[in-house]
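1. I'd like to go over a predicted model; first the sequence, then the structure.
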Amino acid sequence: MAVSDHVNLEQFMDGVLRRNPGETEFHQAVYEVAVDIFDFIEDKEVYHAAQILRRIAEPDRVVSFRVCWEDDCGNVRVQRGYRVQNNNAIGPYKGGLRFHRSVNQSILKFLAFEQTFKNSLTGLAMGGGKGGSDFNPKGKSDNEVMRFCQSFMTELYRHVGEHTDVPAGDIGVGAREIGYMFGQYKRITNRYVGVLTGKGLEWGGSLVRKESTGYGVVYFLEDMLKHSNDVVEGKVVAVSGSGNVATHAAEKAVQLGAKVVTMSDSGGFVHDPDGFTLEKVHWVMAHKGHRSGQLADYVAEFPGATFHEGERPWKVPCDVALPCATQNELSKADAELLVKNGVKAVVEGANMPTTNDGVKVFRDARVLFGPAKAANAGGVAVSGLEMSQNSTRLMLREEELQGLLRDIMLNIHSNCLEYAKRPDGYVDYAKGANIAGFKKVADAMLAFGIQ
Ligand code: NDP
């Protein structure tokens, strides 16, 4: 095929939209990557000829299934479960399970697509997948959650395995849910293997997994700032979310001398102008239970803080923004406000928290921007180390794991840098992450021929 016959970006996206109608989050995630990849492969015939990006943007398979369970009142409830296995060119599918009422095929396809690049960036042998259900564990009893998880795994077990596909937690799936699902897998298959990560320490889990995503986000921030001769210490930081990623990002930022002034949840955000001390962050960790919107209680405990119902924290002036709640929680208007208020760096803890036009605002304003697929990869990296520990049946010590996490984040930063330099000197980490993540997967796919 002559080079001039290749589809261009617009034609490529037309195809993605046509084949995946209504899947707006998936379109958004593919577009964000495709812009940079089309630029990178412009003069690389081999990737064009083998249609590599087209193939990565077509999941290997999407499994969807019915999940029935009985609530505490004896009502039969019907949910939908999914597993999207996006790409296993460089290792078994790997990626979390999300239980949230918003879950649908578009969201899971976007997450599995992103995960493919993220896992590649970690340097570990993991392909990309994602799954979950529109089941909402918040407000459910333990027994209801157990019945749902057992029913979910009764179907999922036939699609996963320690060398095939290794799910983990995500929004709404923590140690409790992983426990019920692991127990059911073990019971059905009569095999004790590392089929899930995020397990309890007594039954095959890894130290440092819980804090790895949030800590990794702040390590990435630290490396970005260091590269531009700056430090985390003294920075005013706005965090969104108050779940696993947000609280551990806040904890590490405080430990490194930053002043964290906001946290949020689905009910609104807390502004604490005195700053969240470690004690306050730990209070949030302890008080975020199994109900949504609990953060509002913070202001009664810590006078001086204010709660802003139904709002997001981006209007609070800060040096650093860490969106750590959910997708599309930072819009173009939010980005413009952050830039106007002098933000220096934005690092994504959540997956795709910034809309594409929001990212453009940051790139145009030369704000340091750490994209999720690089910045929040610490979690899946330690999940990869949990897989290794399960295979060898040896547990690594905490110091070793903390050191490995730090090294992996540093490596991800260097991998991004390789392709991130813009002619005007700006370091475009989003572009660097997209290209570095793509190249490894693409080269493996080339080695396998047409599949
Ligand atoms: P959690 O369930 O622990 O926390 C999610 C937080 O986000 C909660 O504070 C929740 O509020 C808030 N939230 C959820 N949905 C919305 C919404 N629509 N609007 C406003 N706030 C919302 O999840 P995690 O911390 O594990 O995950 C957060 C993000 O990080 C997700 O994008 C996830 O994919 C990503 N991520 C997580 C990793 C991990 O290791 N856990 C790894 C890599 C990425 P409330 O409590 O009120 O519902």
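-> Ah, there it is. The model shown is predicted, which means the values in this text are computed figures rather than measured ones.

2. can you get me a residue count around the residue of the chain found nearest the ligand?
-> Using CB to the nearest ligand atom, residue 243 is the residue of the chain that sits closest to the ligand, at 1.8 Å. No exception for glycine: its C-beta is placed from N, CA and C like everyone else's. Residue 243 is flanked by 22 other residues according to other CB atoms under 10 Å.

3. quick check, pLDDT for it.
-> pLDDT, residue 243: 94.

4. dump the residue contacts of the closest residue to it other than its chain neighbours.
-> Leaving aside its sequence neighbours, residue 243 sits nearest to residue 288 (CB to CB, 6 or more residues apart in numbering; 6.6 Å). Residue 288 sits next to 242, 243, 247, 265, 294, 295 when contact means CB atoms under 8 Å, 6 or more residues apart in numbering.

5. my guess is residue 270 meets residue 309, correct?
-> No. At 10.6 Å, residue 270 does not count as touching residue 309 under the criterion of CB atoms under 8 Å.

6. all helices of the stretch 151-300 of the chain, in order?
-> For the stretch 151-300 of the chain, applying DSSP state H, counting those that start in this stretch gives helices covering 175-189, 209-227, 244-255, 278-287, 298-301.

7. so which of the ones you listed is nearest residue 414?
-> Residue 414 lies closest, by CB to CB, to one member of those: helix 209-227, at 8.5 Å.

8. and the closest residue to residue 219 other than its chain neighbours, how many neighbours?
-> Using CB to CB, 6+ apart and skipping residues adjacent in sequence, the residue nearest residue 219 is residue 409, 4.0 Å away. The tally of other residues near residue 409 (other CB under 10 Å) stands at 25.

9. what does the one 10 residues further on give?
-> Counted with other CB under 10 Å, the burial measure for residue 419 works out to 20 neighbours.

10. are we agreed that it is in a helix?
-> Yes. Under DSSP: H, G, I helix; E, B strand; the rest coil, residue 419 sits within a helix.

11. list the buried residues of the strand or helix carrying residue 413.
-> Assigned by DSSP states H and E, residue 413 belongs to helix 398-420. Across helix 398-420, burial judged by 16 or more other CB atoms under 10 Å covers 401-402, 404-406, 408-409, 412-413, 415-417, 419-420.

12. other residues contacting the next helix-or-strand element following it?
-> Note on helix 398-420: by DSSP H and E, the next helix or strand toward the C-terminus is helix 429-448. Outside helix 429-448, the residues within contact range by CB under 8 Å, 6+ apart are 32-33, 36-37, 39-40, 46-47, 50, 52-53, 55-56, 87, 89-90, 116-118, 120-121, 224, 359, 363, 368-371, 373-374, 412, 415-420, 422, 451.

13. how about a cut-off of 6 Å?
-> Contact partners of helix 429-448, identified using CB atoms under 6 Å, 6 or more residues apart in numbering, comprise 33, 36-37, 40, 47, 50, 52, 89-90, 117, 120-121, 369-371, 373-374, 415-416, 419-420.

14. quick one: which of those sit in helices?
-> 33, 36-37, 40, 47, 52, 117, 120-121, 373-374, 415-416, 419-420 (DSSP state H).

15. what does the chain put close to the ligand?
-> Within the chain, the residues that sit near the ligand (CB under 6 Å from any ligand atom) are 169-172, 213, 241-246, 265-267, 292-293, 324-326, 349-351, 376, 379.

16. which PyMOL command selects the buried ones in these?
-> For the buried members of the residues of the chain next to the ligand, the matching PyMOL selection, counting by 16+ other CB under 10 Å, is:
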select buried, resi 169+170+171+172+213+241+242+243+244+245+246+265+267+292+324+325+326+349+350+351+376+379
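
17. and residue 446, how many residues sit next to it?
-> 15.

18. hmm, back to that, closest one of the ones in helices among the contacts of helix 429-448 to residue 316?
-> Checking the ones in helices among the contacts of helix 429-448 against residue 316 with CB to CB, the nearest one is residue 374 at 25.1 Å.

19. surely the closest one and residue 416 touch.
-> Yes. With contact defined as CB atoms under 6 Å, residue 374 reaches residue 416; the gap is 5.3 Å.

20. so residue 73 sits in a strand?
-> No. Residue 73 is assigned coil when assessed by three-state DSSP, not a strand.

21. now for it, how many residues are close by?
-> 6.

22. now do the phi/psi pair for it.
-> Phi and psi for residue 73, reported as degrees, to the nearest 10, are phi -90, psi 0.

23. quick thing: my sequence starts at 49, can you match it?
-> In the new count, where the first residue is 49, that last one comes out as residue 121.

24. how close does it sit to residue 353?
-> Taking CB to CB, to the nearest Å as the measure, residue 121 and residue 353 are separated by 38 Å.

25. count the neighbours of the residue lying closest to residue 86 once chain neighbours are set aside for me.
-> Among residues not flanking residue 86 along the chain, residue 57 sits closest, at 4.5 Å (CB to CB, 6+ apart). Using other CB under 10 Å, residue 57 has 14 other residues around it.

26. I'd say residue 57 and residue 85 touch.
-> No. Using CB under 6 Å, residue 57 is not in contact with residue 85; the gap is 9.0 Å.

27. need the longest strand for this protein.
-> In the chain, taking DSSP state E as the definition, the longest strand is strand 124-135.

28. list the helices and strands it packs on?
-> Helices and strands touching strand 124-135, by 3 or more CB pairs under 6 Å, 6 or more residues apart in numbering; DSSP states H and E, are strand 109-118, helix 153-170, strand 175-181.

29. just the ones you listed: most buried one?
-> strand 175-181 (a mean of 30; mean count of other CB atoms under 10 Å).

30. tell me the strands beside that one, with direction?
-> Strand 175-181 has its sheet partners listed here by DSSP bridges as strand 124-135 (antiparallel), strand 141-147 (parallel).

31. adding mean neighbour count and mean pLDDT, write these out as a markdown table.
-> Output for the strands paired with strand 175-181, formatted as a markdown table (neighbours: other CB atoms under 10 Å; pLDDT from 0 to 100):
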| stretch | mean neighbour count | mean pLDDT |
| --- | --- | --- |
| strand 124-135 | 20 | 98 |
| strand 141-147 | 28 | 98 |
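
32. just put those strands in JSON lines and tack on distance to residue 195.
-> Shown next, in JSON lines, are the strands paired with strand 175-181 (distance: least, CB to CB, whole Å):
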{"stretch": "strand 124-135", "distance to residue 195": "9"}
{"stretch": "strand 141-147", "distance to residue 195": "13"}
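
33. can you pull up the most central residue in this structure?
-> residue 399 (4.1 Å; CA atoms, centre = their mean).

34. okay, the nearest residue to it once chain neighbours are set aside: pLDDT?
-> Excluding the flanking residues, the one nearest residue 399 by CB to CB, 6+ apart is residue 420, at 5.0 Å. Note for residue 420: predicted pLDDT of 97.

35. residue 342 too?
-> 86.

36. so what's it up against?
-> Residue 342 touches residue 336, counting by CB under 6 Å, 6+ apart.

37. the same query, at a cut-off of 10 Å, please.
-> Counting by CB atoms under 10 Å, 6 or more residues apart in numbering, residue 342 touches 186, 290, 313, 314, 315, 332, 335, 336.
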